[in-house]
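Chemist: Sequence and predicted structure, then a few things I'm wondering about:
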Amino acid sequence: MRLLLVEDDAMIGRAVTAALRGEGYALDWVRDGAAALTALTCTGYAALLLDLGLPRRDGLDVLREARRAGKTLPVLVLTARDTVEDRVAGLDAGADDYLPKPFHLDELSARVRALLRRAGGRAGPLLRAGDVTLDPASGEVRLRGAPVALSAKEYALLRVLLQKPGALHPRERLLDALYGWGEEVGSNTIEVYVHGLRRKLGADFIVTVRGIGYRLAAAP
Amino acid sequence: MNSIRRRLLAVLLPGIAALLLAAAAGVYAELADEIDELYDAQLQQAAYALPRLELAQPTSPIDRDAKDDDSPLHRLVVEVRDLGSDRPLYRSRARALLPVNPARGWSTIAVDGQRWRLYAVDLGDRRIEVAQPLAVRREAAGAITARLLLPLTAALPLAGFVLWLGIGRGLRPLTELSAQIRARSPQSLKPVALAGLPAELRPMADALNGLLERLAAALTAQRRFVADAAHELLTPLTALRLQQELLTRTVQTEQRDAAAADLAAGIERAIHLAQQLLALARRAPGAGAAPHTPLDLAALIHAVSRRLKPRADARQQSLQLELAPATVTGDADALTGLLENLLDNAIKYTPAGGTIRLRLCLEDGAVELTVDDSGPGIPPDRHARVFDRFYRIPGNEATGSGLGLAIVREIAAAHGAGISLDSPGALGGLTVRLRLAQQR
């Protein structure tokens, strides 16, 4: 799950980045509208967290531009402008949700989870495939009801796979989703984490599609 | 009570009374003339009527002295003498009052200390004298005048009442204007309606509207400032909340320390913003500035730089002072705030290891303060905007309040000081130049 945060305030940006990375998201942080548009063009993000009061390019401009370019990713607007008119303008410009400042980290992550859930076409909070369930809110993974302990990256990978349980996940896409800018990426990292998940959740839980990537064996 | 109605009445009623008196005096003078003519004619008629009378008892006059009354006829005195011997033939009074041989025709004589009008004429063998006190005539004129004046005087209170009503009516637009103003909601600063206002009230209404307009502008500015300030406070407070929540989530010591340091920095930032807002509110026009006194500006700069030097040292910046002795007139606290803001900005935006120079020199009788730094400077197209409240240059790494230069501008303006920016300046970064009048 790779997220893009657009926030010009250094302190807020640092705190949100630390918090969401701590929840296992890969997160890229840019500080102005122009950089945000460049990032959106180059990388596939699962969601966009957008501050409206941006230098260079107004946040709403960025949003309209991204929607015009056909970007369908869910967008959560973060802003201190919270009059009804502001919120309506934000939603009409293509935002999916609106979180006024000052917000709580817990609410921010809950709204991010909700956005991702909707984007994945689910209404329930649990991610599920076969006997495996993942609760994004608590970070708990269970196999046939019994809790399973996963490393942070294993958890992040499983969450990406469960987001679209029936789909084929190309290896490159998975790398993209797991690592933000400036994070060290080993050449065989995905294989390492897939191996770990197979060991903990069953050898045939993840199927390798040779030369392309992976998919989950079980239907949801 | 000070009332326009009373003032007008106080002028108008005595005015009307004086007018009445003047009219009465005129009438009296005119009447006196008329009455003189009338009574003279009477005297003459009486004189000419006498010779035809057979005087039955030429020497026994009709004695009326005892029951003398005030009627003009009764105060008519007639004396007839024989022309040759001056022997009295007839006297209307017991006592002889008139001269024996007066001038013929009209004359004024003194009788018993009173002035009398006398007509003397020789007819046949008789000399006839007819006389009357002048007082009779004055009394008649006075009585007629008084009769005329009385109803007018009685009408004076009525005139006062009519004036009272009329003035009230004339002042009604004023009452209506007050009602219009009184009926507005306290929030309404709309101008008062000028339509239908009399010319006398227009200047007042215009002045009032001007005041309302200025008030509305000030209020709008104030509201915008409060809204901006609240908005600006939300950002550091959001950061604080996030940092605090992050702190409670983080378990690893290293990350906790980093989060705690961030939180401390966030608190400093919020405090700084609040202080800057306070400073700006104090410097705002109309906030009641402290009195200006002669100040040693160089000493002030020394004090400020001593206070901020540790921060420059922490960033390995070289802080240079080149200060000529200079005395200016100003508010020491305000100027200290101005210097702190300028130096604080220089320290904040100049990279570690850079140079900051404060210079004070005298030029053309003015004191010029220059702050040079070797920082990134400010692009010239932003020079006009950096003095605006809450304006921050895009992409700025430092988390300032956006108020520093706004405060500097307010203080400079309160001291009549000109302020200008130059970038790149003498040290390659920003140069702030402040010109103050020199105290002599």
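Modeler: On my side now, so go ahead. Numbers count the residues shown, from 1 in each chain, chains lettered A, B, ... in the order given.
Chemist: Domains in the chain, by residue range?
Modeler: You didn't say which chain, so I picked chain A. Domain segmentation of chain A under automatic domain parsing yields A:2-119, A:127-216.
Chemist: please go with chain B instead
Modeler: Taking automatic domain parsing as the domain assignment, the ranges for chain B are B:4-156, B:202-281, B:290-437.
Chemist: Nearest to B:L369 among the domains of chain A would be which one?
Modeler: With Cβ to Cβ as the criterion, B:L369 lies closest to domain A:2-119 of those, at 30.6 Å. Placement of C-beta: from N, CA and C, glycine included.
Chemist: if we can go back for a sec, any chance of JSON lines for the domains of chain B, columns mean pLDDT, mean neighbour count and distance to B:S178?
Modeler: Compiled in JSON lines, these are given as follows (pLDDT from 0 to 100; neighbours: other Cβ atoms under 10 Å in any protein chain shown; distance: least, Cβ to Cβ, whole Å):
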{"stretch": "domain B:4-156", "mean pLDDT": "81", "mean neighbour count": "14", "distance to B:S178": "13"}
{"stretch": "domain B:202-281", "mean pLDDT": "85", "mean neighbour count": "16", "distance to B:S178": "11"}
{"stretch": "domain B:290-437", "mean pLDDT": "88", "mean neighbour count": "18", "distance to B:S178": "37"}
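Chemist: how about CSV for the ones you listed, with distance to A:R128 added?
Modeler: Below are the domains of chain B laid out as CSV (distance: least, Cβ to Cβ, whole Å):
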stretch, distance to A:R128
domain B:4-156, 89
domain B:202-281, 27
domain B:290-437, 44
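Chemist: List just the one of those domains that sits closest to A:K101.
Modeler: Per Cβ to Cβ, nearest to A:K101 of the domains of chain B: domain B:202-281, 4.2 Å.
Chemist: can that closest one be found next to chain A?
Modeler: Yes - where contact is defined by Cβ under 8 Å from any Cβ of the partner chain, part of domain B:202-281 touches chain A, namely B:231, B:234-243, B:245-246, B:249-250, B:255, B:259, B:262, B:265-266, B:269.
Chemist: if we can go back for a sec, weakest of the domains of chain A by average pLDDT?
Modeler: Confidence, taken as mean pLDDT, is least for domain A:127-216 of the domains of chain A (a mean of 85).
Chemist: for it, how far is the first residue from the last?
Modeler: Terminal residues of domain A:127-216 are spaced 13 Å apart (Cα to Cα, to the nearest Å).
Chemist: which bits of chain A sit near chain B?
Modeler: Looking at chain B, the residues of chain A close enough under Cβ under 8 Å from any Cβ are A:8-12, A:14-16, A:18-19, A:22, A:31-32, A:55-56, A:80-81, A:101-106.
Chemist: what about 7 Å?
Modeler: Taking Cβ under 7 Å from any Cβ of the partner chain as the criterion, chain A approaches chain B at residues A:9-12, A:14-16, A:18-19, A:22, A:31-32, A:55-56, A:80, A:101-105.
Chemist: just to revisit the earlier point, out of the domains of chain A, flag the one nearest B:P157.
Modeler: Nearest to B:P157, of the domains of chain A and by Cβ to Cβ, is domain A:2-119 at 67.2 Å.
Chemist: sorry, back to before: give me whichever of the domains of chain A is most buried.
Modeler: Using mean count of other Cβ atoms under 10 Å in any protein chain shown, the stretch among the domains of chain A with the greatest mean number of neighbours is domain A:2-119 (a mean of 19).
Chemist: and that one, how far apart are its ends?
Modeler: Taking Cα to Cα, domain A:2-119 runs 13 Å from one end to the other.
Chemist: what's the helix or strand for B:Q132?
Modeler: strand B:126-133 (DSSP states H and E).
Chemist: try B:S85
Modeler: Using DSSP H and E, B:S85 is not contained in any helix or strand.
Chemist: so is B:A96 in a helix, a strand, or just coil?
Modeler: When states are read from DSSP: H, G, I helix; E, B strand; the rest coil, the local structure at B:A96 comes out as coil.
Chemist: Against chain A, how distant is it?
Modeler: Per Cβ to the nearest Cβ, to the nearest Å, B:A96 is found 118 Å from chain A.
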